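*Asks:* Structure here, sequence nowhere to be found:
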């Protein structure tokens, strides 16, 4: 409310570039925003009872030449406002949790790069979405989509797509041919509701009653749940308690838990030790406790990097030995996952923990999908994730201490194979593991 008062009184700095007007009881765009039209780049109007935007005759959309990011999360829009297409530079839009039902044709800005529509009631995306040639990231989990428009195949830069928890009965074949698609979540749809035999864990699941755990301090929390220290049979472990009623940006906690259990144990996964059993509390899983000697490899994507992880200048450099171990371990983990029919969906450095020797652990199954090896597109599904691994290889190349030599040159060749634009020509993970072993 303080920022709104400053805006209306004219006391905001003249060169304000980011402005949050969250929870200000606004019912429309304040006309005073026009005083920031030349400098404002990021505007957050979330958690306001806004249902529509003013007409172009009442608001100077075209004058906001710098505005790139706008948030309307948890507002009350039932229809995507076409007025947003009048902002000349808008590239990121969020309408999470609005109860939105429709997106009219022509409503999406041409320069759109990042679209968030999580947790609405949308039954179809606009048929002209293909004209959004810069579209790179689309988050539509928790809607009522039944299919994807054919024109979406023209969004050649699309790298991340979240369509979990919809009503999609069949994924169109062209999706598995998208040249830059690397991060896909499609669990919780009729087309991915496997039989009980195909969703059973890779090994028999240990059921651990809550009464046998001593739960300690919180280690961290995310969109799907809270992770805490715990002790089980005198052994230090970690426990993730899911927010069972929440649809996250990636999908449902129930699907995350199913995928984690299906994955089973592997030396390069943050392994699940068992399923938490409680007669009254929310669901959960018991995980191995990762030693403090492990650190996160990279940072999550920023607004500007969109779908690629970021590495601050202080990021640790990698020796050839540690790079071999890191990449070999993650490739082995991914190969294991796809052998049991699990698509991780979020194979990023920010989901990888690594120690000084390069031993790596892949975690976070929030975007994972159990697709089953009998899926008619299983090979293509796997090769989408190979592209994500290729991006990781590129990141590791940038972190290497050595800048020349046989290992570096051969790793560059492998990288080129993994990021090839023709999906079917990329190697599978078994071949990637073998190639890394021969470097």
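*Replies:* That came through, no problem. Here the structure is a predicted model, which is why all the values come from computation and not from measurement. Residues are numbered from 1 along each chain as shown.
*Asks:* Look at residue 396 and say how many residues are nearby.
*Replies:* Residue 396: 22 surrounding residues under other C-beta atoms under 10 Å. For the C-beta atoms, the positions are set from N, CA and C on the backbone; glycine is no exception.
*Asks:* you'd agree it is up against residue 323?
*Replies:* Yes: using C-beta atoms under 8 Å, residue 396 is in contact with residue 323, at 5.3 Å.
*Asks:* average pLDDT across stretch 133-142?
*Replies:* Across stretch 133-142, the average pLDDT comes to 98.
*Asks:* what's the offset of it from the middle of its chain?
*Replies:* 10 Å (C-alpha atoms, centre = their mean, to the nearest Å).
*Asks:* contacts for it?
*Replies:* 91, 110-120, 122, 125, 129, 154-166, 180, 185, 188, 247-252, 306-307 (C-beta atoms under 8 Å, 6 or more residues apart in numbering).
*Asks:* Show me how to select, in PyMOL, the buried members of the residues you listed.
*Replies:* Here is the PyMOL selection string for the buried members of the contacts of stretch 133-142, based on 16 or more other C-beta atoms under 10 Å:
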select buried, resi 91+111+112+113+114+115+116+117+118+119+120+122+125+129+154+155+157+158+159+160+161+162+163+164+165+166+180+185+188+247+248+249+250+251+252+306+307
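*Asks:* Now, the contacts of stretch 133-142 that are in strands?
*Replies:* Judged by DSSP state E, the subset of the contacts of stretch 133-142 located in strands is 114, 115, 116, 160, 161, 162, 185.
*Asks:* Setting aside sequence neighbours, what's the nearest residue to the second one?
*Replies:* Spatially, and ignoring its direct neighbours in sequence, residue 115 is nearest to residue 138 (5.0 Å; C-beta to C-beta, 6 or more residues apart in numbering).
*Asks:* Starting from residue 53, give me the distance back to that neighbour.
*Replies:* 22 Å (C-beta to C-beta, to the nearest Å).
*Asks:* just residue 321 next, same as before
*Replies:* 56 Å.
*Asks:* Which one's more surrounded, these two?
*Replies:* A count of neighbours by other C-beta under 10 Å puts residue 53 above the other of residue 321 and residue 53, at 19 against 11.
*Asks:* part of a helix, is the more buried one?
*Replies:* No: counting by DSSP: H, G, I helix; E, B strand; the rest coil, one finds residue 53 to be coil, located in no helix.
*Asks:* Assess the claim that it and residue 80 are in contact.
*Replies:* No: in this structure residue 53 lies outside contact range of residue 80 using C-beta under 8 Å: 10.3 Å.
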